[in-house]
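Q: turn this into a structure:
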Amino acid sequence: MQGVIEMARIAGEVRIFPLLALGNVPSPHVGPVREELARRGYHHEVRRVPYEFQKGGDEMLVVRRAKS
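A: Numbering: from 1, shown residues only. The predicted structure is shown next:
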(Lines give C-alpha, C1' and ligand atoms only; values in the text may rest on other atoms or scores of the structure.)
Protein backbone atom coordinates (compact mmCIF):
# COMPACT_ATOMS: atom_id res chain seq x y z
CA MET A 1 0.00 0.00 0.00
CA GLN A 2 2.73 2.47 0.94
CA GLY A 3 4.54 1.66 -2.29
CA VAL A 4 1.52 2.58 -4.41
CA ILE A 5 1.05 5.85 -2.51
CA GLU A 6 4.73 6.74 -2.84
CA MET A 7 4.76 5.97 -6.57
CA ALA A 8 1.68 8.16 -7.12
CA ARG A 9 3.25 10.96 -5.08
CA ILE A 10 6.42 10.90 -7.18
CA ALA A 11 5.09 9.98 -10.64
CA GLY A 12 1.72 11.68 -10.65
CA GLU A 13 0.06 8.63 -12.26
CA VAL A 14 0.47 4.94 -11.52
CA ARG A 15 -1.05 2.01 -13.41
CA ILE A 16 -1.23 -1.40 -11.77
CA PHE A 17 -2.01 -4.41 -13.94
CA PRO A 18 -3.30 -7.05 -13.62
CA LEU A 19 -5.44 -6.92 -10.49
CA LEU A 20 -5.30 -10.67 -9.90
CA ALA A 21 -3.68 -12.86 -7.28
CA LEU A 22 -2.27 -16.32 -7.96
CA GLY A 23 -4.90 -18.66 -9.29
CA ASN A 24 -6.51 -15.91 -11.39
CA VAL A 25 -8.66 -14.69 -8.51
CA PRO A 26 -9.22 -11.00 -7.69
CA SER A 27 -6.48 -9.66 -5.44
CA PRO A 28 -7.66 -9.13 -1.86
CA HIS A 29 -5.38 -6.07 -1.67
CA VAL A 30 -7.19 -3.91 -4.24
CA GLY A 31 -10.10 -2.95 -1.96
CA PRO A 32 -8.01 -1.86 1.04
CA VAL A 33 -5.56 0.02 -1.19
CA ARG A 34 -8.42 1.89 -2.89
CA GLU A 35 -9.94 2.77 0.51
CA GLU A 36 -6.62 4.22 1.71
CA LEU A 37 -6.12 6.12 -1.54
CA ALA A 38 -9.57 7.67 -1.19
CA ARG A 39 -8.86 8.57 2.43
CA ARG A 40 -5.69 10.37 1.36
CA GLY A 41 -7.39 12.21 -1.48
CA TYR A 42 -5.95 10.32 -4.46
CA HIS A 43 -8.08 9.87 -7.56
CA HIS A 44 -8.33 6.23 -8.60
CA GLU A 45 -10.36 4.07 -10.92
CA VAL A 46 -10.41 0.56 -12.28
CA ARG A 47 -10.31 0.53 -16.08
CA ARG A 48 -11.03 -2.38 -18.36
CA VAL A 49 -8.27 -2.98 -20.91
CA PRO A 50 -8.60 -4.68 -24.32
CA TYR A 51 -6.12 -7.48 -23.53
CA GLU A 52 -5.55 -10.18 -20.91
CA PHE A 53 -2.15 -10.86 -19.40
CA GLN A 54 -3.72 -13.71 -17.45
CA LYS A 55 -7.12 -15.31 -17.96
CA GLY A 56 -9.63 -12.85 -16.49
CA GLY A 57 -6.92 -10.21 -16.00
CA ASP A 58 -8.38 -7.41 -18.09
CA GLU A 59 -8.54 -4.61 -15.52
CA MET A 60 -5.98 -2.12 -14.24
CA LEU A 61 -5.99 0.32 -11.37
CA VAL A 62 -5.10 3.89 -12.35
CA VAL A 63 -4.06 6.21 -9.51
CA ARG A 64 -3.47 9.95 -9.82
CA ARG A 65 -2.49 12.35 -7.10
CA ALA A 66 -5.01 15.01 -6.24
CA LYS A 67 -4.22 18.47 -7.50
CA SER A 68 -3.22 20.79 -4.68
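Q: can you map out the strands along the protein?
A: With DSSP state E, the ranges of strands along the chain come out as 13-16, 20-21, 25-26, 43-48, 59-64.
Q: of those strands, which approaches Glu6 most closely?
A: strand 13-16 (9.5 Å; Cβ to Cβ). C-beta here means a position set from N, CA and C on the backbone, and glycine is covered the same way.
Q: could you give the mean pLDDT of that closest one?
A: For strand 13-16, mean pLDDT rounds to 96.
Q: ok, now stretch 52-65?
A: Mean predicted lDDT for stretch 52-65 stands at 91.
Q: show me what counts as buried in that stretch.
A: Gly57, Asp58, Glu59, Met60, Leu61, Val63, Arg65 (16 or more other Cβ atoms under 10 Å).
Q: how about stretch 8-16?
A: Along stretch 8-16, these residues count as buried under the neighbour rule (16+ other Cβ under 10 Å): Ala8, Val14, Ile16.
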